[in-house]
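> Pasted the sequence and its predicted model underneath.
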Amino acid sequence: MNTKLRRGLRLVRVLLSSQYAYMLEYRAEIALWALSGVLPFIMLGLWSGASGADASNATAELTPLGLDPIALARYFLAVFIVRQFTLVWVIYTFEEDHLQGRLSGYLLQPLAPVWRYVSAHIAEQATRLPFVIALAALFFLLYPAAFWLPSPAALLLAVLAMQLAFALRFLIQFALTTVCFWSERASALERLLFIPYLYLSGLIAPLHLYPEPVRRLALWTPFPYMIAIPAQLLAGEEVDVVASFAVVGCWIAILLPLTLFLWRRGLRKYGAMGA
């Protein structure tokens, strides 16, 4: 058992280090990707302008829309951070590997291809970290009144929630990825799924601004747990942690066997086509 454990840990280390080195070669492109994720800051500007909020003013009071400008600034900064570490693009890479014929070589290797994609995502997250820290520092220079440091407990819960959000989003996208075995343009499904993700995840507005029926409906979907819940934990807002983690666990329990089923069915079709 110890030998197997050591081999497994060595495999994880080698896989992550190789993917991290690969990502470092494209760090300039990754920096541009990080900069392209400034939609939360744009939404902060829009909400601040619409409500008359001023997050740079430490004495700012609630706006006519009932928004706390400091809490609003912290929330959208947290959304930016969460989004940087929960981005998933496996469907586009897998689709290209499938069309270019690289998938056949991956399937011949003793390691399942999914771990190659998981390690690539983790390595990219590590590469993004310096750019995220730099942008957060610039944000606090522009909005000094919004500066805060989460408590150790809140930070731990936020990091756990972000990891669960990444796992949830990866499972959803990988389930869609298996459509590549039947269609050459499975990525179109991801673009279609982006619509409810955009409106129900808390990316463009805090969930408490939504009408109560819409908010209750959203909390039964996986989307708020990809952005809003981790962001609220990171920003120090009150969250029903037990209920939130339970819903995420239920969605993972549903998606994991579904993804495995679709993957195995797709592999049988892929093998038949290649025979």
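Arrived safely, thanks for sending.

> quick one: which helix or strand includes residue 170?
Residue 170 belongs to helix 152-177 when elements are defined using DSSP states H and E.

> Check which helices and strands that helix is in contact with.
Counting contacts by 3 or more CB pairs under 8 Å, 6 or more residues apart in numbering; DSSP states H and E, helix 152-177 is packed against helix 69-84, helix 90-100, helix 113-142, helix 187-200, helix 228-234, helix 241-274. Backbone N, C-alpha and C define where each C-beta goes, glycine included.

> Give me whichever of those helices is most buried.
Compared across those, helix 228-234 shows the largest average neighbour count, a mean of 28 (mean count of other CB atoms under 10 Å).

> Spatially central residue for the protein, please.
residue 86 (1.7 Å; CA atoms, centre = their mean).

> three-state assignment of that residue?
coil (DSSP: H, G, I helix; E, B strand; the rest coil).

> Same question for residue 111.
Classification of residue 111 using three-state DSSP returns coil.

> mind checking how far stretch 166-181 is from the chain centre?
13 Å (CA atoms, centre = their mean, to the nearest Å).

> Quick one: residues contacting the residue nearest to the centre of the chain.
162, 165, 166, 169, 226, 227, 230 (CB atoms under 8 Å, 6 or more residues apart in numbering).

> re earlier: the helices and strands packed on helix 152-177: which one's closest to residue 177?
Smallest distance to residue 177 across the helices and strands packed on helix 152-177 (CB to CB): 4.5 Å, for helix 90-100.

> contacts for whichever helix or strand comes after that closest one?
Going down the chain from helix 90-100, the next helix or strand is helix 102-108, by DSSP H and E. The contact list for helix 102-108 (CB under 8 Å, 6+ apart) reads 94, 96, 97, 113, 116, 267, 270, 274.

> same deal with stretch 203-221?
39-40, 43, 47, 65, 67, 72, 75, 79, 83, 196-198, 200, 224, 227-228, 247.

> For it, give the mean pLDDT please.
Regarding stretch 203-221, the rounded mean pLDDT is 91.

> Return the alpha-carbon coordinates of it using PDB.
C-alpha atoms of stretch 203-221 as PDB (Å, rounded to 0.1, in the frame of the first residue of the first chain):
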ATOM      1  CA  LEU A 203     -21.800  37.000 -11.700                       C
ATOM      2  CA  ILE A 204     -23.700  40.100 -12.800                       C
ATOM      3  CA  ALA A 205     -25.500  40.900  -9.600                       C
ATOM      4  CA  PRO A 206     -25.700  39.700  -6.000                       C
ATOM      5  CA  LEU A 207     -28.400  37.100  -5.500                       C
ATOM      6  CA  HIS A 208     -30.200  39.100  -2.900                       C
ATOM      7  CA  LEU A 209     -31.100  41.700  -5.500                       C
ATOM      8  CA  TYR A 210     -33.100  39.100  -7.500                       C
ATOM      9  CA  PRO A 211     -36.900  38.600  -6.900                       C
ATOM     10  CA  GLU A 212     -37.400  36.100  -4.100                       C
ATOM     11  CA  PRO A 213     -39.000  33.400  -6.400                       C
ATOM     12  CA  VAL A 214     -36.000  33.700  -8.800                       C
ATOM     13  CA  ARG A 215     -33.500  33.600  -6.000                       C
ATOM     14  CA  ARG A 216     -35.100  30.400  -4.500                       C
ATOM     15  CA  LEU A 217     -35.100  28.800  -7.900                       C
ATOM     16  CA  ALA A 218     -31.500  29.700  -8.500                       C
ATOM     17  CA  LEU A 219     -30.400  28.100  -5.200                       C
ATOM     18  CA  TRP A 220     -31.700  24.700  -6.400                       C
ATOM     19  CA  THR A 221     -29.500  25.000  -9.500                       C
END
